[in-house]
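> Sharing a model that was predicted from the sequence below.
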Amino acid sequence: MANIEQSKAVIDGFRKQYNTPYSIADLTATVCTLCGVDMPEECAGVPIPSVIDQGDKLMNGVGKNEKVLLFCADALGENQRTHFTEEFARIEKIAGFRILSTSVMPSVTPVCYGTIFTGAAPCVHGIEKYEKPVLQCDTLFDAFARAGKNVAVCAMNNCSIDMIFRGRKIDYYSFRSDEQSFKMAMELMTRTDDYDVIVCYMNDYDARMHKTGPFSEECKQQAVWAADRFEAFARQADEYWKKFNHTIVFVPDHGGHYVSEVKGGHGSDMPEDMLVNHYYRICEAAE
Ligand SMILES: [Zn+2]
């Protein structure tokens with residue numbers, strides 16, 4: 001309990017500082033509640049009421065969601081939304097729910113995805129700077145595995161998501177490109193006996209942002225691909241998951257800003273880095 005109180009203090013501090021009721025730590029609490037899975041031990045996030053209510057209404061009860069796709073588009077935060085308006089409008093149109101949320105400090109990838117998938121503050125989950133050790137803290141992945149669910153993570157090899165959640169009773173699909181991770185996630189969605197939760201990580205917006213600044217032509221192309229892929233996941237779910245109650249979520253970790261005229265970065269306690277939107281699409285099974 002002490003850990004949960006400690007996490008709550010940190011997470012609630014950012015909620016207050018940025019004047020938004022939600023945190024990236026709420027993702028794990030929300031997905032576990034939608035699926036009727038007990039939350040990880042250290043989870044201090046809160047299930048998002050509007051999202052849970054929609055699941056309750058469409059699925060005739062809380063905890064009845066069966067399939068989940070989590071699209072982890074690195075660094076595509078609120079600052080990016082206000083710039084790439086067309087692409088984020090496409091994402092919002094598919095999802096229905098846009099949940100403006102605060103990240104945690106330092107706002108770098110392993111720290112933030114550590115919080116997203118544990119519901120714990122960095123000082124509790126243990127990654128407090130840019131490093132990629134295997135997380136020792138209980139995670140959403142452990143929680144789903146304990147509940148007898150099958151989880152797949154598709155990500156670029158040696159990226160944070162590929163590294164820090166190793167050692168769980170889940171399957172890891174590791175590739176050299178985002179496109180391969182995307183294609184594998186799309187294929188796994190068709191294998192409905194095999195997986196209940198599929199994570200697809202997208203690395204390249206973040207990578208290009210550091211090299212070319214957040215709003216370069218190259219970054220714009222990445223934003224277009226992020227919207228294209230989210231649309232493709234929705235179409236795939238409509239086709240292959242129609243017999244299941246299902247949810248797909250767009251899950252960035254932090255935003256980013258210009259650090260010089262031609263380079264971008266993140267990691268700071270500023271709105272450009274700390275505000276992100278998590279988008280939820282909740283669908284009931286077709287009869
Ligand atoms: Zn990141």
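Everything's here; your move.

> Contacts only, for residue 284.
58-59, 245 (Cβ atoms under 8 Å, 6 or more residues apart in numbering). To be clear about C-beta, it is placed using only N, CA and C from the backbone, and glycine gets the same treatment.

> Which strand runs longest in the chain?
Counting by DSSP state E, the longest strand found in the chain is strand 275-283.

> ok, back up a step: drop anything exposed from the contacts of residue 284.
59, 245 (16 or more other Cβ atoms under 10 Å).

> Now, the contacts of residue 284 that are in helices?
58-59 (DSSP state H).

> which of the contacts of residue 284 lies closest to the ion?
Nearest to the ion, judged by Cβ to the ion, of these is residue 245 at 29.9 Å.

> I figured residue 27 hits residue 116, correct?
Yes: assessed by Cβ atoms under 8 Å, residue 27 is found in contact with residue 116 at 5.0 Å.

> list the residues that contact both of these two?
Each of residue 251 lies in contact with both residue 27 and residue 116 under the rule Cβ under 8 Å, 6+ apart.

> Quick check: closest non-adjacent residue to the residue in the stretch 1-150 of the chain positioned nearest to the ion.
The minimum distance from the stretch 1-150 of the chain to the ion, using Cβ to the ion, falls at residue 109 (3.1 Å). In space, and not counting its chain neighbours, residue 109 is closest to residue 160: 4.5 Å by Cβ to Cβ, 6 or more residues apart in numbering.

> Tell me who's in contact with the one you found.
Residue 160 is in contact with 109-110, 113, 132, counting by Cβ under 8 Å, 6+ apart.

> Which pLDDT value belongs to it?
Residue 160 carries a pLDDT score of 95 in this model.

> Could you do residue 287 as well?
On the pLDDT scale, residue 287 is placed at 71.

> Can you report how many residues lie near it?
Using other Cβ atoms under 10 Å, residue 287 has 5 other residues around it.

> The closest residue to residue 216 other than its chain neighbours: what secondary structure?
Nearest residue to residue 216 in three dimensions, chain neighbours excluded: residue 208, at 7.0 Å (Cβ to Cβ, 6+ apart). Put simply, residue 208 is helix when judged by DSSP: H, G, I helix; E, B strand; the rest coil.
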